[in-house]
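> Give me a model of this one.
(chains A and B)
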Protein chains: 2
Amino acid sequence: MALLPAGTIRSKNYPDNTYPFRAGSHFLYFVGISLPDAALLFADSEVTLYAPSPDASAALWHGPSAGLDELGAELGLRVRPTAELVVRARGLAGEIATISPNDDVTADWLSDLLDRRVEARRGARAVDGTADAALADALVAVRLSHDEAGLAQLRQAAAVTALAHAAGMRATHPGRREADVMAAMIAAIFSSGMGIAYEPIVTVHGEVLHNQSYTNPIAATDLLLADVGAETPEGWAGDVTRTWPASGRYSATQRALYDVVLDAQRLAISLVRPKTRYRAIHEATARRIVEGLVHLGILRGEVDGLIERGAHALFLPHGVGHLLGLDVHDMEDLGDRAGYERGRTRPTRFGDRYLRLDRDLISGMAVTIEPGFYNVPGILNDATLTAPIGGDLDRGKLATFADVRGIRIEDDVVVTEGDPEVLSAAIPKAPGDIEAAMRG
Amino acid sequence: MALLPAGTIRSKNYPDNTYPFRAGSHFLYFVGISLPDAALLFADSEVTLYAPSPDASAALWHGPSAGLDELGAELGLRVRPTAELVVRARGLAGEIATISPNDDVTADWLSDLLDRRVEARRGARAVDGTADAALADALVAVRLSHDEAGLAQLRQAAAVTALAHAAGMRATHPGRREADVMAAMIAAIFSSGMGIAYEPIVTVHGEVLHNQSYTNPIAATDLLLADVGAETPEGWAGDVTRTWPASGRYSATQRALYDVVLDAQRLAISLVRPKTRYRAIHEATARRIVEGLVHLGILRGEVDGLIERGAHALFLPHGVGHLLGLDVHDMEDLGDRAGYERGRTRPTRFGDRYLRLDRDLISGMAVTIEPGFYNVPGILNDATLTAPIGGDLDRGKLATFADVRGIRIEDDVVVTEGDPEVLSAAIPKAPGDIEAAMRG
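Numbers count the residues shown, from 1 in each chain, chains lettered A, B, ... in the order given. As a prediction, this is how the structure comes out:
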């Protein structure tokens, strides 16, 4: 028996001023629409959606809502009023497994309903051996590989994400601000009837990995890094990064480093196939980046040794990607239970420890492939991190690439029995294609 | 002694995927920037901002953050690490008053810190006679009338709100969808470096008062109602509604009803002056609407009697406006403590009970003025509401206005000793001006 809560609406500054509601992904996976305060019960060989009864006075403010019978017909589900769930839950013998919700209001509601303490997601991890852990494992098993309906959703998200990136490339001009480009990109998403899968990163400071302010002016010598993805109304995510030259043309130095990242990214995508261990893709990508940097003279010496000493993480301090699905980091609410195969744990070394996925790939799995090159002062000035590399890092040479602060190239890729399906293939990626797209 | 919490970041679907953070308005009023997990303490005749110490590992993801000393210099405030607040709070004799935060995590944190139960805002109302109630009253007293800095913020919000409405008017064409117009409007806001003060309403079904989906196609005969406001980075709100014809030209019936609402709205603005009771403006506006509807033949009979029988609420079921400031419904987190003068309570009658403000106006106060006309089937088919009007509602006549479902005209108005300052005066409002703006 299992109960999957949708979660509740949360207020921003007072009860009537709320954040847009998005149901929890486990709920959305089965139900497909974001119904606040609803929950899906699997019990006695049947599935029941419990949803609040339509409120007549709410109709004035929010419009007439479908009755529960109408909702049931639309969803093809048995639907009952939430009020009945209390009685039903008491009548069921044995423990009802559940998943920690995102918010404390829902956690308190579940705690009352299930007569045991359920914590909100911020602290909670299901303990192995419990019914909750078994449910989490079952959900991971179901959601790891996407069926055709899921893939169709991911393709739609990628298609609208492509519109956003095209709009961003066209909107970029020196003298404008990051906010102008961000606005053009999200307008393309919202006008397509979708939302954003995560807060966009649109920045001339790509070396700040999760930079989410948009206040910088764009200079002609800047690269603009845009990590922006659409979310379908059913909740499925796109997650794509492109890095383009503000001037419309990569400088020789920008182009050289861009090509290093692009080469590594293409290698990584070519490795996406069933049975490949994702960590091996991460490692192959890091190695290819180091090879490229040696070729450019930024690093010196033998590649294996450089990697052993952590040279890759100086410039690529994050993992090569993650699961993609209903969540942009799919099922990350379950911690590493989804991303890491049983028995595998996160690497401990700086950089590698941010690898969010280490499974053997299976057909139907969707992952991002997103290597990068970043010139992060906080890393390059950190003696602990740079000491092992010593003189093999040519800082003088690196300084000649001063017009590159951050490059990331990220695609959404589905594992298939044949060549991987690159969902975001329509988005320009080769330097010439990007330059052409920027000219409109 | 008082402690004002900023609140905490909330996750959307997993801990790393969060809603944009906005600090609580009482905190923002004094501090001006949205610092998660911070709190402002007033104690022992001094003010101290407690903020989390910058986290070195977070710098990689979010960029280097200012040190606390740097922050203090920027804000002109004494700033100390949050960790010290626990000790400080224990050392203070007597009760520290606080305001219920928006989220349960912060409520739990405050409860531990203050050693008494603090509830999140959803249920909580400060009980008269307590220190918390005294603090709430003090905040209301301070925030009711805006100083020049606050007015400057409101003017900036209104200026960017004007850009959004201009973009929306230009983007409206039959055959496009509500989402296209909404996207154009929010793009104007985000490209100006601001955010949205509330989830936009951009709809051809203006009769659904808080309609926040954007899926309808726009037909040539539709009116489009857009209730969209910008929020400054410091958190101050704009809140403006315009209603324009999808075709670019009001039909005769649309124009006739638009003029009724516009006439009432202008009357209401003219009444905004110190010492006027806001409820009197609501009532004068409702009366003027009824007069207009009698003139059009939709209502019949004597105006006083019609109002007594609730005729105005059939078509204007909400209040004429509310306080405006840092919150778009300013200080609504305090319930009616802010909106209602001591000793005044909400009217109980349908429609009037949604009046959010009933104070005597004072100079420096900002309010919205937003009458409307709505053809709401749920109201007009409600026998309890319509029975008192009986045959004085000419349903045949009303049916001839079928191309009007909802009209609202809303401006942001500051009470001054002279003529009121209409912050949103730059946004076209007269039918001819709107038609001209739509032509670009």
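
> Give me the domain ranges for chain A.
A:2-143, A:148-438 (automatic domain parsing).

> what would those domains look like in TSV with mean neighbour count, distance to residue B:241 and mean pLDDT?
To be clear about C-beta, it is placed using only N, CA and C from the backbone, and glycine gets the same treatment. TSV is the format used below for the domains of chain A (neighbours: other C-beta atoms under 10 Å in any protein chain shown; distance: least, C-beta to C-beta, whole Å; pLDDT from 0 to 100):
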stretch	mean neighbour count	distance to residue B:241	mean pLDDT
domain A:2-143	18	15	91
domain A:148-438	20	19	97
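
> would you turn the ones you listed into TSV with distance to residue B:52?
Below are the domains of chain A laid out as TSV (distance: least, C-beta to C-beta, whole Å):
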stretch	distance to residue B:52
domain A:2-143	16
domain A:148-438	17
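
> How about the contacts made by residue A:435?
A:245, A:248, A:249, A:250 (C-beta atoms under 8 Å, 6 or more residues apart in numbering or on different chains).

> That one falls within a strand, correct?
No. Going by DSSP: H, G, I helix; E, B strand; the rest coil, the assignment for residue A:435 is helix, not a strand.

> For the residue lying closest to residue A:395 once chain neighbours are set aside, list the residues it contacts.
Closest residue to residue A:395 apart from its sequence neighbours, by C-beta to C-beta, 6 or more residues apart in numbering or on different chains: residue A:380 at 7.8 Å. Contacts for residue A:380 were tallied using C-beta under 8 Å, 6+ apart; they are A:314, A:386, A:393, A:395, A:398.

> Report the separation between the first one and residue A:304.
Using C-beta to C-beta, to the nearest Å, one obtains 16 Å as the distance from residue A:314 to residue A:304.

> what's the answer for the second one, then?
Counting by C-beta to C-beta, the gap from residue A:386 to residue A:304 is 19 Å.

> before we move on, what about the third one?
Note on residue A:393: its distance to residue A:304, by C-beta to C-beta, is 16 Å.

> for the domains of chain A, which one sits closest to residue B:25?
Closest approach to residue B:25 among the domains of chain A (C-beta to C-beta): domain A:2-143, 5.4 Å.

> Report the distance from the closest one to the chain centre.
23 Å (C-alpha atoms, centre = their mean, to the nearest Å).

> How about that domain and chain B, any contact?
Yes. Against chain B, domain A:2-143 shows contacts by C-beta under 8 Å from any C-beta of the partner chain at A:10-20, A:22, A:24-25, A:56, A:59-64, A:102-105, A:108, A:120-122.

> What is the end-to-end distance of that domain?
Using C-alpha to C-alpha, to the nearest Å, the end-to-end distance of domain A:2-143 comes out at 16 Å.

> same question, stretch A:97-107
13 Å.

> Show me which residues of the stretch 151-300 of chain A sit near chain B.
So the stretch 151-300 of chain A meets chain B at A:177, A:179-180, A:182-184, A:186-193, A:198-199, A:205, A:208-212, A:214-215 (C-beta under 8 Å from any C-beta).

> Let's see that with 7 Å instead.
Counting by C-beta under 7 Å from any C-beta of the partner chain, the stretch 151-300 of chain A comes close to chain B at A:179-180, A:182-184, A:186-187, A:190-191, A:193, A:198-199, A:208-211, A:215.

> So which of those residues are in helices?
A:179, A:180, A:182, A:183, A:184, A:186, A:187, A:190, A:191 (DSSP state H).

> residue contacts, the third one?
The neighbourhood of residue A:182, defined by C-beta atoms under 7 Å, 6 or more residues apart in numbering or on different chains, consists of A:200, A:202, A:214, B:190.

> Three-state assignment for the nearest residue to it once chain neighbours are set aside, please.
In space, and not counting its chain neighbours, residue A:182 is closest to residue A:202: 4.0 Å by C-beta to C-beta, 6+ apart. Reduced to three states with three-state DSSP, the structure at residue A:202 is strand.

> Dump the C-alpha coordinates for the longest helix along chain A into CSV.
Counting by DSSP H, the longest helix found in chain A is helix A:148-171. C-alpha atoms of helix A:148-171 as CSV (Å, rounded to 0.1, in the frame of the first residue of the first chain):
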residue,chain,number,x,y,z
GLU,A,148,6.7,6.4,-25.1
ALA,A,149,4.4,8.8,-23.2
GLY,A,150,7.3,10.0,-21.1
LEU,A,151,9.6,10.4,-24.1
ALA,A,152,6.9,12.3,-26.0
GLN,A,153,6.8,14.7,-23.0
LEU,A,154,10.6,15.1,-23.0
ARG,A,155,10.5,15.7,-26.8
GLN,A,156,7.9,18.5,-26.3
ALA,A,157,10.0,20.1,-23.6
ALA,A,158,13.1,19.9,-25.8
ALA,A,159,11.2,21.5,-28.7
VAL,A,160,10.1,24.5,-26.7
THR,A,161,13.5,24.7,-25.1
ALA,A,162,14.9,25.0,-28.6
LEU,A,163,12.6,28.0,-29.2
ALA,A,164,14.0,29.6,-26.1
HIS,A,165,17.6,29.2,-27.1
ALA,A,166,16.9,30.5,-30.6
ALA,A,167,15.2,33.5,-29.1
GLY,A,168,18.1,34.0,-26.7
MET,A,169,20.7,33.9,-29.5
ARG,A,170,18.8,36.5,-31.5
ALA,A,171,18.3,38.7,-28.5
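
> sec struct for the closest residue to residue A:355 other than its chain neighbours, please.
With sequence-adjacent residues excluded and distances taken as C-beta to C-beta, 6+ apart, residue A:355 is closest to residue A:319, at 3.4 Å. Assigned with three-state DSSP, residue A:319 falls in the coil class.

> what sits against residue A:319?
A:282, A:354, A:355, A:356, A:357.

> Which one of those is nearest to residue A:47?
Using C-beta to C-beta, the contacts of residue A:319 come closest to residue A:47 at residue A:357, 30.0 Å.

> quick one, phi psi at the closest one?
Backbone torsions for residue A:357, taken as degrees, to the nearest 10, come to phi -140, psi 130.

> what's the answer for residue A:177, then?
phi -110, psi 160.

> what's the answer for residue A:332, then?
Taking degrees, to the nearest 10 as the convention, residue A:332 sits at phi -70, psi -10.

> what does the stretch 301-440 of chain A have sitting close to chain B?
A:317, A:327, A:328, A:329, A:332, A:333, A:376, A:378.

> Dump those residues to a markdown table, plus secondary structure.
Below are these laid out as a markdown table (three-state DSSP):
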| residue | secondary structure |
| --- | --- |
| A:317 | coil |
| A:327 | coil |
| A:328 | coil |
| A:329 | coil |
| A:332 | helix |
| A:333 | helix |
| A:376 | coil |
| A:378 | helix |
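
> Quick one: list the elements packing against the longest helix of chain A.
Here helix A:148-171 touches helix A:178-191, strand A:223-228, strand A:230-231, strand A:240-245, strand A:411-414, helix A:431-438, going by 3 or more C-beta pairs under 7 Å, 6 or more residues apart in numbering or on different chains; DSSP states H and E.

> distance between that helix and the chain's centre?
Worked out by C-alpha atoms, centre = their mean, helix A:148-171 lies 14 Å from the chain centre.

> what angle sits between it and strand A:240-245?
Helix A:148-171 and strand A:240-245 meet at an angle of 20 degrees, taking axes from the mean of the first three to the mean of the last three C-alpha atoms, to 10 degrees as the criterion.

> contacting residues around residue A:50?
A:38, A:39, A:41, A:80, A:82, A:84, A:85.

> is it fair to say it lies in a helix?
No. Judged by three-state DSSP, residue A:50 forms no part of a helix; its state is strand.

> Tell me the helix or strand right after the helix or strand where residue A:80 lies.
Counting by DSSP states H and E, the element that carries residue A:80 is strand A:78-81. Counting by DSSP H and E, the next helix or strand C-terminal to strand A:78-81 is helix A:83-91.

> Brilliant, that's me finished.
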